[in-house]
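Student: coords below, sequence missing:
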């Protein structure tokens with residue numbers, strides 16, 4: 001039966017190949033003869049150019065030029081309408097912005113400054129009259145620029161003060177009510193004001209004025225999360241917890257909070273929530289020295305220029321290296337180079353906006369599209385949900401669920417740090433994606449072709465982690481690699497009322513803590529973090545179940561590319577599995593996906609493994625699958641025989657990186673009894689702990705629920721946090737926990753067989769809102 005089926009498949013393949021070759025030859029011939037069938041009618045006239053457009057009369061060109069000149073004049077007026085105020089006492093720069101050039105264009109005529117439709121010119125006389133009027137209006141606008149319609153509220157940029165400067169500021173401010181002239185004279189305001197000269201044309205107007213008497217917001221600067229090297233250096237000090245912390249002493253901790261200015265300014269899209277506008281203020285970055293920058297960036301710039309044959313700037317070269325990184329250390333190093341080329345650091349507040357402003361002028365259209373995708377997602381989130389700008393968030397676990405959680409929280413403006421044990425992304429497993437996960441990844445900028453296999457949506461775990469980590473870095477997420485989450489502790493005098501998450505560096509076992517409002521636990525069912533935090537698991541059992549995963553090198557030969565992806569179960573294909581039984585390969589299911597590797601997943605019976613010699617000694621489960629009781633050579637032979645039965649070429653070797661064949665028991669799986677908790681100290685300081693992914697509900701492995709159900713748990717937890725805990729405090733913790741547990745109850749029953757009854761069919765409209773995803777959710 002197997003031979004007959006193979007011959008039928010081979011015949012079908014040959015017939016399809018012949019059809020494809022015939023189609024190829026027809027298209028090639030059509031392309032070869034295309035020049036003979038083509039005729040160029042107009043090869044130089046540009047319909048949208050006013051000077052060279054041969055379709056316009058001279059009167060029409062005059063009218064168009066007048067309109068273009070009017071637009072240009074209004075743009076210049078808008079640029080000259082800016083004022084900058086230097087506040088030396090408060091050490092602030094107050095920039096009062098006039099109407100933008102987009103506002104100026106809104107005042108212009110509604111007609112476009114390009115070739116109008118024929119109906120715009122009914123008669124020659126009317127054209128001449130319009131041209132004369134437009135020219136006169138343009139001349140008048142040039143002679144007497146109009147005043148800006150309105151001014152936006154000041155944008156305040158604060159700079160950090162030294163201790164001596166703070167003391168001097170307080171002393172001078174105490175003098176201002178008694179005699180502002182004294183303080184102004186000491187600061188040189190009078191001399192500066194008398195020496196001020198009118199600015200040249202087309203330059204922002206700079207005026208020195210009396211400083212405001214209000215004290216600038218004393219909210220500290222943002223947390224500067226260290227690199228692994230910095231953490232290691234800090235942890236090598238004395239044994240005290242403060243000495244081991246890479247955040248430094250109390251003064252350093254006091255500077256960790258970001259500067260926030262709340263003013264009635266016009267917020268960017270999505271910022272105005274609940275009638276309030278929140279603006280995150282940038283701080284001056286620690287600019288790298290010119291010598292350091294050139295020494296690191298110049299070789300990269302020269303190398304890429306030689307490779308592409310086109311001039312490449314240091315910034316675009318660094319960004320190309322960032323996009324092409326293939327593992328986590330290379331990705332992080334490339335991102336540091338990108339920041340260095342822009343004069344930024346990972347600790348800078350509002351990093352995403354500043355990075356986008358600095359680097360996008362150096363990028364091509366395709367590279368800029370990544371920022372456009374992030375902007376679109378960010379605007380949609382901030383327009384529909386509460387901003388989390390007041391939250392410091394730690395995500396424990398850098399798997400796909402943890403990274404997806406970090407991205408969404410960062411786009412909601414939280415300060416996010418990912419803590420991950422592994423130094424590299426090393427998992428080869430290929431993940432089967434449901435439609436909604438595919439749509440979500442595409443909305444984040446993933447290439448749909450990379451997610452579409454021959455028969456199913458799927459992506460390798462490492463590839464997915466790299467994609468999400470790249471977006472997370474751009475969104476401002478910080479990473480601590482080689483660390484694990486140990487426990488949480490109540491606030492102390494150095495954490496500004498925030499709970500502390502205790503971390504351990506795996507290389508030297510040093511311990512320190514990071515302050516946080518929210519802790520997402522996304523490390524999986526067996527990493528132990530949830531249990532150490534007091535979450536009690538429930539163990540769900542099934543009949544004996546063994547899983548086998550095998551990875552073979554994919555060399556993309558014609559024979560390998562011709563392999564079809566498959567998913568077979570014994571209950572639907574008894575004859576096929578009967579043929580496997582005759583070869584000693586007794587399986588219940590088998591799945592094959594083709595990606596960077598040939599990925600086979602199968603569920604062999606324990607009796608077959610014992611008879612084949614894979615299991616050395618018949619022991620009780622799960623001790624029989626212990627590593628010392630498994631014959632690795634027999635295990636590889638078993639996996640290869642099953643793969644070759646389904647036409648894998650015998651020349652395909654096992655992958656050389658990591659474990660090419662793995663055998664494990666999934667007879668039991670864990671589910672947490674609760675999905676979140678709110679901890680509070682005697683002063684009312686709160687910490688929200690949310691379980692997501694496998695940490696809250698371990699999937700039934702053959703159904704591929706890990707990522708598909710895990711993304712739902714992440715969205716559910718984030719929705720609860722932004723709804724109840726966006727300020728870092730909830731008045732009724734029971735309401736927040738009740739809402740989260742209700743969503744957890746829905747997701748518990750979700751599987752490949754029940755999803756039609758649980759989730760909404762229109763997956764493209766899924767969002768954080770549970771009502772867009774669950775049929776049973778009523779809010």
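Tutor: Nice, thanks for sending it over. Source: prediction; values computed, not measured.
Student: could you list the low-confidence segments of the stretch 451-600 of the chain?
Tutor: For the stretch 451-600 of the chain, the stretches flagged by pLDDT under 70 are 542-543.
Student: tell me where it has strands.
Tutor: 458-460, 478-481, 483-489, 499-505, 511-516, 518-521, 537-541, 546-553, 566-569, 587-594, 597-604 (DSSP state E, counting those that start in this stretch).
Student: pick the most buried one from the ones you listed.
Tutor: Here the criterion is mean neighbour count by mean count of other Cβ atoms under 10 Å, and of the strands of the stretch 451-600 of the chain the winner is strand 518-521, at a mean of 28. C-beta: built from backbone N, CA, C; applies to glycine.
Student: from residue 663, how far off is the closest residue to residue 665 other than its chain neighbours?
Tutor: Using Cβ to Cβ, 6 or more residues apart in numbering and skipping residues adjacent in sequence, the residue nearest residue 665 is residue 622, 4.1 Å away. Computed as Cβ to Cβ, to the nearest Å, the residue 622 to residue 663 distance reads 11 Å.
Student: which one's more surrounded, the two?
Tutor: residue 663 (21 against 14; other Cβ atoms under 10 Å).
Student: show me the beta-bridge partners of the more buried one.
Tutor: residue 548 (DSSP bridges).
Student: dump the residue contacts of it.
Tutor: Shown in contact with residue 663 (Cβ atoms under 8 Å, 6 or more residues apart in numbering): 546-548, 609, 614, 625, 630, 635.
Student: do you know the pLDDT at it?
Tutor: The pLDDT attached to residue 663 in the predicted structure is 91.
Student: returning to that earlier point: which of the contacts of residue 663 sits closest to residue 425?
Tutor: The shortest approach to residue 425 among the contacts of residue 663 belongs to residue 547, at 21.3 Å (Cβ to Cβ).
Student: was I right about that closest one contacting residue 605?
Tutor: No: between residue 547 and residue 605 there is no contact, the gap being 11.8 Å when judged by Cβ atoms under 8 Å.
Student: what about residue 32, how many residues close to it?
Tutor: Residues lying near residue 32 (other Cβ under 10 Å) number 9.
Student: now swap in residue 508 and tell me
Tutor: 12.
Student: cool, and residue 560?
Tutor: 18.
Student: ditto for residue 576
Tutor: So residue 576, with other Cβ under 10 Å, has 18 neighbours.
Student: pLDDT value on residue 347, please?
Tutor: Predicted confidence (pLDDT) for residue 347: 85.
Student: ok, the nearest residue in space to residue 752 that is not next to it in sequence to residue 666 distance?
Tutor: The shortest distance from residue 752 to any non-neighbouring residue, by Cβ to Cβ, 6+ apart, is to residue 703 (4.7 Å). Distance, residue 703 to residue 666, using Cβ to Cβ: 11 Å.
Student: between those two, which is the more surrounded one?
Tutor: A direct count of neighbours by other Cβ under 10 Å for residue 703 and residue 666 places residue 666 higher, at 17 against 13.
Student: longest helix in the chain, please.
Tutor: The residue-count maximum for a helix in the chain (DSSP state H) belongs to helix 2-32.
Student: may I see the buried residues of the helix or strand that that one is followed by?
Tutor: Downstream of helix 2-32, the first helix or strand assigned by DSSP states H and E is helix 58-80. By 16 or more other Cβ atoms under 10 Å, the buried positions in helix 58-80 come out as 59-67, 69-80.
Student: also stretch 331-349?
Tutor: Of the residues in stretch 331-349, 331-332, 334-342, 344, 346-349 count as buried by neighbour count, 16+ other Cβ under 10 Å.
Student: name all residues that make contact with residue 722.
Tutor: By Cβ under 8 Å, 6+ apart, the contact set of residue 722 is 385-386, 388, 412, 768.
Student: do that again at 7 Å, thanks
Tutor: 385-386, 388, 412 (Cβ atoms under 7 Å, 6 or more residues apart in numbering).
Student: can you lay out the residues you listed as TSV showing distance to residue 423, pLDDT and neighbour count?
Tutor: Putting the contacts of residue 722 into TSV (distance: Cβ to Cβ, whole Å; pLDDT from 0 to 100; neighbours: other Cβ atoms under 10 Å) gives the following:
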residue	distance to residue 423	pLDDT	neighbour count
385	34	95	22
386	36	94	19
388	29	96	28
412	29	95	24
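Student: relative to residue 512, which of these is nearest.
Tutor: Once Cβ to Cβ is applied, the member of those that ends up nearest residue 512 is residue 388, at 24.5 Å.
Student: that closest one is in contact with residue 415, isn't it?
Tutor: No: contact criterion Cβ atoms under 7 Å: residue 388 and residue 415 do not qualify, at 9.0 Å.
Student: where in the protein is pLDDT low?
Tutor: Ranges of the chain meeting pLDDT under 70: 1-6, 38-55, 79, 81-82, 87-166, 168-312, 542-543, 702, 779.
Student: re the thing from before, which one of the contacts of residue 663 is nearest to residue 475?
Tutor: Proximity of these to residue 475 (Cβ to Cβ) peaks at residue 547, which lies at 34.8 Å.
Student: ok, now how distant is that closest one from residue 16?
Tutor: 34 Å.
Student: list the buried residues of stretch 602-621.
Tutor: 602-606, 608-609, 612, 614-615.
Student: oh sorry, the question was meant for stretch 323-331
Tutor: Using 16+ other Cβ under 10 Å as the test for burial, stretch 323-331 gives 325, 328, 331.
Student: straight-line length of that stretch, end to end?
Tutor: Using Cα to Cα, to the nearest Å, the span of stretch 323-331 from its first residue to its last is 8 Å.
Student: residue ranges of the helices in the stretch 651-779 of the chain, please?
Tutor: For the stretch 651-779 of the chain, the helices defined by DSSP state H, counting those that start in this stretch cover 705-724, 733-748, 755-758.
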